[in-house]
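Engineer: Based on what follows, work out the 3D shape:
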Amino acid sequence: MRFRSLSALALAVAASPALADEGMWQPHQLPELESVLKQKGLEIDPKNISKLTEFPMNAVISLGGCTASFVSPKGLVVTNHHCAYGSIQYNSSADNNILENGFLAKKPEQELPAAPGSRVYVTEQVTNVTDKVNAQLNDDMDGNTRYKAIEKAEKSLVAECEKDVGYRCNVYTFHGGLEYYLIKALEIKDVRLVYNPAMGIGKYGGDIDNWMWPRHTGDYSFYRAYVSKDGQPAEYSEDNVPFTPDSYLKVSAKGVKEGDFVMVTGYPGRTNRYRTASEVAHQFTHVYPTAKAYREQSIDIIKAQAPEGSQARIAYESTLAGLANYAKNYGGMIDSYQNTDMQARKDALAQKLATWIKADSARQSRYGDTLTQLNELVKQSQATSELDLILGYMGRSAMLSSAQRLYRLANEKQLPDAEREPGYQQRDQARFEARMTSLSRRYDDTVDSAILAHFIDLYAQLPQAQRIASLDKALGIDKGYDSEAMRQRIDTWYAKTELNEQQARIDWMNKSVSEFKQSDDPFLAIAVATYDDMRSREKAKKALSGELAKVRPQYMAAIIAFYQEQGLPVYADANSTLRVTYGTVKGYSPKDALTYTPFTTLEGIAQKYTGEAPFDAPKKQMQLIADKQYGEYQMSSLGSVPVNFLSTVDTTGGNSGSPTLNGKAELVGLLFDGVSESIIGDWDYDPNLNRSIHVDTRYMLWVMEHVDNADNLLAEMDIVR
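Structural biologist: Got it, this is the predicted structure:
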């Protein structure tokens, strides 16, 4: 089924100012919103935004988890500091800690290879393939058959697309399976670190300020994309040359002011705004509280086992940052859920939708059983969530997860490539090897073993009926559990395993199933012993996903029809595909008698400064602030250089690093966070509290010129002064 034309929707949105900034829009939808965008302040033709091969969309790229953009004709890429964090950490050591001290390549030969597996993806084509996927389906299929049919159709489309060498293709699901799009992206494999500010700038405020306002973080860093001399994507080589993008963004030294139009283009990860009331309740009362606790426990374990300044701590800095980010995220979600009427509104929506369906015989015929069927399937999917969460966090043990992935690879290699599980096909081998390689710089035996021991303890506390018999036996807890004995057993595993050696992991990528079965490596033995049970669990989950793939599109069709009749905006949930969102520079009032203005300044850095992390800005920067050395980047209305600013754009994780553009599509900032009150925006939208945080280009340029002397990069970029 196709959903209705967006023309009526665009009018509905334009007529409703409270909703005007809501939505993460697919580029092809933008021409339908032309009147809204023009009214807001867009100066370029909205049709240009819908064309992926034209400016500015072809300057916006994905890093596979974050967004970035080209800012020079020589493949220079700007993104967030926290998006480049893994590569900065990868190139850091106790003797040369560029994570702490910063890094600048004055010459191309000084640029450093990014972490293994780093990629730049340039989206070039988006094709609606809904009919091609649906042609392989019928209503008589059971869940497992449907899942396999969808997967087979997607693999076939991807394989055909990737006949063009140098491209990475994927099929993405929209509206719960109502539509499918094939996205083709140029995959640039040689990515190098060019410049990152010191930690005291790039992560100023650290976890304390994370998701908070006011904010004073210089969350930016630079990569460069390289290709072979013939312009084709290639692995790292000294002979490679900088990639020449079809277009790049000009960088504004003028910036924005309160009330100005801004637009963000990027790759938001995932939102869940159309989930059912029961899904919302389960997520906020069980999943988030449990996951928050597990993340906080993991942080405590790492910090206890890896003293600050040690090589082990450097290895886990990126992991710690990710754990802390989402632990705070989940906490904010829970607080917002408990202190708002979100659940009541979701419950009310469910009732209104049911009433709306029953009020019309055609709707009753079309959607009558959908809500009941979906709620039953959702209930089934939640039945094993406690075990699922523990196994997921147990899998954060690098040794256990590496063993499981390697043995899975050996099994998958016995199948024709088209029949293998996604992630284990030939197209995935370079990524797989990069993962096995990069682990060497992000791993420590003592930390890893402590994490595994902790989550085995939690697993052992589950009722036996919820546990997995083969896993119990492999862990040696099938006849009872003793925590201290388990700890000693784990220590022997780490002393005996060879998977903590990089070359051994690479070698095991090419071993046979029989060789795995003959191995006496303790982690490989666990992987072999539990393989069949783990695959059985996976098969059951796929069958359930197949059933959901039949019912969820029917539900979304009903939701879309209902929303459009109510004049509400309809856009697909975020799914890591290219989206556009727009709004204005604007503050907010989170509670009675408290109003936040939309800009912070250099003086705010000085006010927070303590000389100790995370408020330990470089001494040179502090002196410049004290001397009021603003250069040409001062904002007259502030009497200082703006550092960060707020806007009403609708964003989420994955948007990190997204270029923030003015009406002329000039770069005026980088999106890097949201305020705590809008964290729940992944599930719910409140125009009064939804605010995104951006690092102002004026602050970036000020630091580059006056603090880090990055004159070579300033000369390379096209700066609008």
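
Engineer: Just say helix, strand or coil for the residue minimising distance to the centre of the chain.
Structural biologist: Note on the chain: the residue nearest the mean C-alpha position is residue 654, at 3.6 Å, using C-alpha atoms, centre = their mean. Look at residue 654: counting by DSSP: H, G, I helix; E, B strand; the rest coil, its state is coil.

Engineer: and it, what does it touch?
Structural biologist: Listed by C-beta atoms under 8 Å, 6 or more residues apart in numbering, the contact set of residue 654 reads 65, 66, 67, 266, 267, 268, 269, 270, 574, 576. Using the backbone N, CA and C atoms, a C-beta is placed for each residue, glycine as well.

Engineer: Could you say which helix or strand holds the nearest residue to it once chain neighbours are set aside?
Structural biologist: Closest residue to residue 654 apart from its sequence neighbours, by C-beta to C-beta, 6 or more residues apart in numbering: residue 269 at 3.2 Å. Per DSSP states H and E: residue 269 is located in neither a helix nor a strand.

Engineer: Report pLDDT for residue 269.
Structural biologist: On the pLDDT scale, residue 269 is placed at 96.

Engineer: One more: the one 10 residues further on?
Structural biologist: Reported pLDDT at residue 279 in the predicted model: 97.

Engineer: That one - that's part of a helix, no?
Structural biologist: Yes. Assessed with three-state DSSP, residue 279 lies in a helix.

Engineer: show me what contacts it?
Structural biologist: Listed by C-beta under 8 Å, 6+ apart, the contact set of residue 279 reads 272, 378.

Engineer: can we see that at 7 Å?
Structural biologist: For residue 279, the contacting residues are residue 378, by C-beta atoms under 7 Å, 6 or more residues apart in numbering.

Engineer: again with residue 664
Structural biologist: 43, 44.

Engineer: what do you get for residue 182?
Structural biologist: Going by C-beta under 7 Å, 6+ apart, residue 182 touches 127, 129, 157, 161, 169, 171.

Engineer: Pretty sure it sits in a strand.
Structural biologist: Yes. Residue 182 sits within a strand when classified using three-state DSSP.

Engineer: Drop anything exposed from the contacts of residue 654.
Structural biologist: Neighbour-count burial (16 or more other C-beta atoms under 10 Å) applied to the contacts of residue 654 gives 66, 67, 266, 267, 268, 269, 574, 576.

Engineer: which one among those gets closest to residue 437?
Structural biologist: Taking C-beta to C-beta as the measure, residue 437 sits nearest to residue 66 out of the buried ones among the contacts of residue 654, at 20.5 Å.

Engineer: Can you point out the buried residues in stretch 440-451?
Structural biologist: For stretch 440-451, a neighbour-count test (16+ other C-beta under 10 Å) marks 440, 441, 442, 443, 444, 445, 447, 448, 449, 450, 451 as buried.

Engineer: what's the closest of these to residue 299?
Structural biologist: residue 451 (10.5 Å).

Engineer: didn't residue 458 look like it was pressed against residue 390?
Structural biologist: Yes. Look at residue 458 against residue 390 with C-beta atoms under 7 Å: they come within range, at 5.4 Å.

Engineer: hmm, back to that, hmm, which two among the contacts of residue 182 are most spread apart?
Structural biologist: Maximum pairwise distance in those, criterion C-beta to C-beta, is 10.6 Å, between 129 and 169.

Engineer: Helices of the stretch 151-300 of the chain, start to end?
Structural biologist: Counting by DSSP state H, counting those that start in this stretch, the stretch 151-300 of the chain has helices at residues 199-202, 206-209, 277-282, 288-305.

Engineer: pLDDT at the nearest residue to residue 144 once chain neighbours are set aside, what is it?
Structural biologist: Leaving aside its sequence neighbours, residue 144 sits nearest to residue 543 (C-beta to C-beta, 6+ apart; 4.0 Å). What the model reports for residue 543 is a pLDDT of 97.

Engineer: Which helix or strand contains residue 543?
Structural biologist: Using DSSP H and E, the element containing residue 543 is helix 522-566.

Engineer: for that helix, packing partners?
Structural biologist: The helices and strands touching helix 522-566, judged by 3 or more C-beta pairs under 7 Å, 6 or more residues apart in numbering; DSSP states H and E, are helix 143-161, helix 342-358, helix 370-382, helix 398-412, helix 469-475, helix 483-496, helix 513-518.

Engineer: buried ones in the third one?
Structural biologist: Taking 16+ other C-beta under 10 Å as the neighbour-count basis, helix 370-382 is seen to contain the buried residues 370, 371, 373, 374, 375, 377, 378, 381, 382.

Engineer: Repeat that for the fifth one.
Structural biologist: By neighbour count on 16+ other C-beta under 10 Å, the buried set for helix 469-475 is 470, 471, 472, 474, 475.

Engineer: which among these gets closest to residue 92?
Structural biologist: Closest approach to residue 92 among those (C-beta to C-beta): residue 475, at 35.0 Å.

Engineer: Point to the helix or strand of the protein where mean pLDDT is at its lowest.
Structural biologist: Ranked by mean pLDDT, DSSP states H and E, the weakest helix or strand in the chain is helix 6-14, scoring a mean of 38.

Engineer: Can you give me the buried ones in the helix or strand following that helix?
Structural biologist: Next along the chain after helix 6-14, taking DSSP H and E as the criterion, comes helix 34-40. Buried residues in helix 34-40, counted by 16+ other C-beta under 10 Å: 34, 36, 37, 40.

Engineer: Excluding chain neighbours, give the residue nearest to the first one in space.
Structural biologist: With C-beta to C-beta, 6+ apart as the measure, residue 46 is the residue that lies nearest to residue 34, at 4.5 Å, once sequence neighbours are left out.

Engineer: cool, the last one as well?
Structural biologist: Among residues not flanking residue 40 along the chain, residue 261 sits closest, at 4.7 Å (C-beta to C-beta, 6+ apart).

Engineer: Please apply the same query to the third one.
Structural biologist: With C-beta to C-beta, 6+ apart as the criterion, residue 37 has its nearest non-adjacent residue at 5.2 Å, and that residue is residue 46.

Engineer: Give me the pLDDT value at the one you found.
Structural biologist: Looking at residue 46, its pLDDT is 88.

Engineer: Equivalent analysis for the one 10 residues further on, please.
Structural biologist: Residue 56 carries a pLDDT score of 96 in this model.

Engineer: Now do the phi/psi pair for it.
Structural biologist: Per-residue torsions, residue 56: phi -100, psi 0 (degrees, to the nearest 10).

Engineer: on that earlier part again, right, so the helices of the stretch 151-300 of the chain: which one is the most enclosed?
Structural biologist: Mean neighbour counts were taken over the helices of the stretch 151-300 of the chain using mean count of other C-beta atoms under 10 Å, and the top value, a mean of 24, falls to helix 199-202.
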